[in-house]
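K.L.:
One predicted model, sequence on top.
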Amino acid sequence: MFGIDNTPMVEHNKTLSFDNIKKAKQLIKNNKPYRFSRKKTKELTINEDDLNLLISYAISHGLDASRLSAKVQLLENTLNGFSTIQLPSLSSDLYINCKLTFKPTVNFLDLTTCHIGRIKIPKIITKFILSTSHDLLLKNDLYKNFWHNIQTIKQILIKNKKATVYYTPNYNLIRALQESGKSFLLTNEQQRKLVMYHNHLSKLSKDHMREQNSLLNIMKDMFDFAAENTQKSGDPILENTTAIQVLSLYAIGQRLDHLLNKEYKYKIKYARRNRLLFNNRYDLPKHFLVSAAITVSAGSKFAHLVGLAKEIEDSGGGSGFSFADLAADKAGVKFGELAITSKSQAILFQKKISLVDNENQIMPSISNLPEGIMELEFKRRYKELDSKAYQLINTEIDKRLDQCRLYQ
């Protein structure tokens, strides 16, 4: 009773705007480890608004948690964290509100107070829970490497609504974290499947090397292969997922061995590079297949965001914002969703792919969709991502998608 409230402590995270997505991407990009030289203490300063932007980015599009909202407040030498979870309820809105207060310590943050609703959890209990959980998690290699990386933080300062972190990157630890992450993200069975499908694609790349519109034919052959393997494994979702992942890596020229442990990476066969086409364009297959791969790997909401973020980045000086590319992204998301909806649907999907004889049954028409729009022109013409003008074109793309035979 005392832990549940009728009102949320944190309002629902706002939809990220054009500028929000661009800023969040830049914050992440600027602080990737490979950008730094070795053996030097690094300094990262982030203000309260930017920190909340990244939290919103992670919750809304990374975690895909529609019932969770969170924010932080930076005070003098104090970080307050607030979160609200909306409970499923038929009669009224019910929420679990949490407030955590942290103080900087020698090299990290110390949890000083914890409130759940109107209940204050004694520090002795929170300390015991955190300590016990930490000891248990240290048995996991991924968490262990992650914790060692946290230990590279030398100092955290919080003042003037800004948090500054001083740390010395340990590149050996970062590589160890990446290596253990491969096993965490991909089981041995998934890695074995990736090699098997890649080697099958290697054969197909030689068979179709002279065809101009090779994507559809290669795709059909890959899903015929998936259907054959489903008979052995009984898992059409895994087979479809692997086929899409391998196709997407091939389309963008990404080497598979970066994702595999040593025992698998040396089994990979060479695949001939072919230029894949959709609507007589080389860029659309990349958008389509990458969006499909992200959908089967991380969810459709995240895939939509990645496609949108790519177009926003292009509008700042690349090829420009393209609704045609966005149409390919949306088609890829829908393609990925159908491939893994359920076991029965995944098998039906394999059969439907075998009957496709025209790319227009998979990829919608892009005629008259605006392209090459630079940032200032985009803002002048469409204002924001929720403007009527933007939504009008977005709705038109959805209508064209619904007309594709595969998605009916």
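P.N.:
That came through, no problem.

K.L.:
Going along the chain, name the strands of this structure.
P.N.:
42-47, 68-75, 78-87, 94-104, 109-116, 119-121, 153-159, 162-167 (DSSP state E).

K.L.:
could the ones you listed be laid out in TSV, adding distance to residue 249 and mean pLDDT?
P.N.:
Bear in mind the C-beta positions are built from the backbone N, C-alpha and C, glycine included. Below are the strands of the chain laid out as TSV (distance: least, CB to CB, whole Å; pLDDT from 0 to 100):
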stretch	distance to residue 249	mean pLDDT
strand 42-47	31	82
strand 68-75	32	90
strand 78-87	36	90
strand 94-104	40	91
strand 109-116	38	90
strand 119-121	46	90
strand 153-159	34	86
strand 162-167	32	86
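
K.L.:
Go through the ones you listed and name the closest to residue 333.
P.N.:
strand 68-75 (22.4 Å; CB to CB).

K.L.:
Just the angle for the closest one relative to strand 153-159, thanks.
P.N.:
80 degrees (axes from the mean of the first three to the mean of the last three CA atoms, to 10 degrees).

K.L.:
So which residues make contact with strand 68-75?
P.N.:
8, 10-13, 47-48, 51-52, 55, 59, 79-86, 158, 161-163 (CB atoms under 8 Å, 6 or more residues apart in numbering).

K.L.:
what does stretch 152-162 give?
P.N.:
Contacts for stretch 152-162 (CB under 8 Å, 6+ apart): 41, 45-48, 74-79, 104, 106-109, 163-170, 173.

K.L.:
rerun at 10 Å
P.N.:
41-51, 73-79, 102-109, 163-170, 173-174 (CB atoms under 10 Å, 6 or more residues apart in numbering).

K.L.:
and what of stretch 195-206?
P.N.:
214, 217-219, 221-222, 224-226, 228-229, 239, 241-247, 249-250, 255-257, 260, 263-274.

K.L.:
Which of the residues you listed fall in helices?
P.N.:
Those of the contacts of stretch 195-206 mapping onto helices are 214, 217-219, 221-222, 224-226, 228-229, 239, 241-247, 249-250, 263-265, per DSSP state H.

K.L.:
hang on, the earlier thing: of the contacts of strand 68-75, grab the buried ones for PyMOL.
P.N.:
Buried residues within the contacts of strand 68-75, by 16 or more other CB atoms under 10 Å, are selected in PyMOL with:
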select buried, resi 8+10+13+48+51+52+55+59+79+81+82+83+84+85+158+163
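
K.L.:
and the gap between residue 254 and residue 405?
P.N.:
Look at residue 254 and residue 405: by CB to CB, to the nearest Å, they are 30 Å apart.

K.L.:
Alpha carbons of stretch 233-244, in CSV - could you do that?
P.N.:
Extracted C-alpha coordinates of stretch 233-244, given in CSV (Å, rounded to 0.1, in the frame of the first residue of the first chain):
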residue,chain,number,x,y,z
SER,A,233,16.3,-27.7,-35.9
GLY,A,234,12.6,-27.2,-35.4
ASP,A,235,13.3,-23.5,-34.7
PRO,A,236,12.2,-21.4,-37.7
ILE,A,237,12.7,-18.2,-35.7
LEU,A,238,16.4,-18.9,-35.1
GLU,A,239,16.8,-19.9,-38.8
ASN,A,240,15.1,-16.7,-40.1
THR,A,241,17.0,-14.5,-37.7
THR,A,242,20.3,-15.9,-38.7
ALA,A,243,19.5,-15.6,-42.4
ILE,A,244,18.6,-11.9,-42.0
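
K.L.:
ok so, going back, just the buried subset of the ones in helices among the contacts of stretch 195-206, please.
P.N.:
214, 218-219, 221-222, 225-226, 229, 239, 241-247, 249-250, 264-265.

K.L.:
Can you tell me which of the strands of the chain is nearest to residue 391?
P.N.:
strand 68-75 (24.1 Å).

K.L.:
how many degrees apart are that closest one and strand 42-47 in direction?
P.N.:
110 degrees.

K.L.:
what angle do strand 68-75 and strand 94-104 make?
P.N.:
Using the same axes, to 10 degrees: strand 68-75 against strand 94-104 is 30 degrees.

K.L.:
Give me the sheet partners of strand 68-75 and which way each runs.
P.N.:
strand 78-87 (antiparallel) (DSSP bridges).

K.L.:
that older thread, between the strands of the chain, which gets nearest to residue 294?
P.N.:
That would be strand 68-75 among the strands of the chain, by CB to CB, at 21.1 Å.

K.L.:
Specify the angle between the closest one and strand 162-167 in degrees.
P.N.:
For strand 68-75 against strand 162-167, the angle by the same axes, to 10 degrees is 90 degrees.

K.L.:
Can you give me the buried ones in strand 68-75?
P.N.:
In strand 68-75, the ones that count as buried by 16+ other CB under 10 Å are 68, 69, 70, 71, 72, 74.

K.L.:
Show me what counts as buried in stretch 344-357.
P.N.:
Applying 16+ other CB under 10 Å to stretch 344-357 flags 345, 346, 347, 349, 350, 352, 353, 356 as buried.

K.L.:
Okay, and which of those residues map to helices?
P.N.:
345, 346, 347, 349, 350, 352, 353.

K.L.:
Just list the residues touching the nearest residue to the third one once chain neighbours are set aside, thanks.
P.N.:
Across the structure, with CB to CB, 6 or more residues apart in numbering as the measure, the residue nearest residue 347 apart from its sequence neighbours is residue 236 (4.9 Å). Taking CB under 10 Å, 6+ apart as the contact definition, residue 236 lies against 226-227, 229-230, 339-340, 342-350.
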